[in-house]
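J.: the amino acid sequence is not available; the structure is as follows:
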């Protein structure tokens, strides 16, 4: 906004001070169009938990590799649970992290399977959300009898420009409260970007 210098009353006596005043009729800056407030996808995490090591886990890794084009990572069990038949440090799941345009493409395919409908419970208080699908072939992957059918977990981490100050190695900082994402911000972004529907929670 343009400011025009004016002189106060005491300038008539030679004080020489200058007071800036706003020009009438000049439109103000629209703060709602701040690009630093834009919400974007920081990463998309895909997970398949088989519950056991062996051939089934290897086939699940092939599913993620076909979907993402990346090398997936195996996850190990933290505890020994005899009722589940798992041992500590045993590989029981496989996951993959996708970023950028590839993440948006896979997320679009996953939401299409869910018909762009999510529940309020799918969103966290920190502005992230997740959901699952029962069959990976719904994403457009051709069915392979040697692999079978697996379910898939999606988890989307949202953020704003400037979030990296909390994750960098040197001089790590904090993101201000006014800049952090909330559950309402994430739901509004989902409804606006994908024309999504928020279903009522289960009772």
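T.: Arrived safely. A quick note: this is a predicted structure, and the numbers were derived from the prediction, not measured.

J.: can you count the residues close to residue 116?
T.: When counting by other C-beta atoms under 10 Å, one arrives at 14 neighbours for residue 116. No exception for glycine: its C-beta is placed from N, CA and C like everyone else's.

J.: hmm, I typed the wrong one, I wanted residue 152.
T.: Residues near residue 152, counting by other C-beta under 10 Å: 23.

J.: show me what it is bridged to.
T.: residue 133 (DSSP bridges).

J.: residues touching it, list them.
T.: 46, 47, 48, 63, 110, 132, 133, 136, 139 (C-beta atoms under 8 Å, 6 or more residues apart in numbering).

J.: ok, residues contacting whichever strand in the chain runs longest?
T.: The longest strand of the chain (DSSP state E) is strand 40-49. The contact list for strand 40-49, computed with C-beta under 8 Å, 6+ apart, reads 60, 63-64, 67-68, 75, 92-99, 103-104, 106-107, 150-161, 163.

J.: re earlier: list buried residues within the contacts of residue 152.
T.: Among those, those classed as buried by 16 or more other C-beta atoms under 10 Å are 46, 47, 48, 63, 110, 133, 136, 139.

J.: which parts of the helix or strand containing the fourth one are buried?
T.: With the criterion set as DSSP states H and E, the secondary-structure element containing residue 63 is helix 55-68. The neighbour-count check on helix 55-68 (16+ other C-beta under 10 Å) flags 57, 59, 60, 61, 63, 64, 67, 68 as buried.
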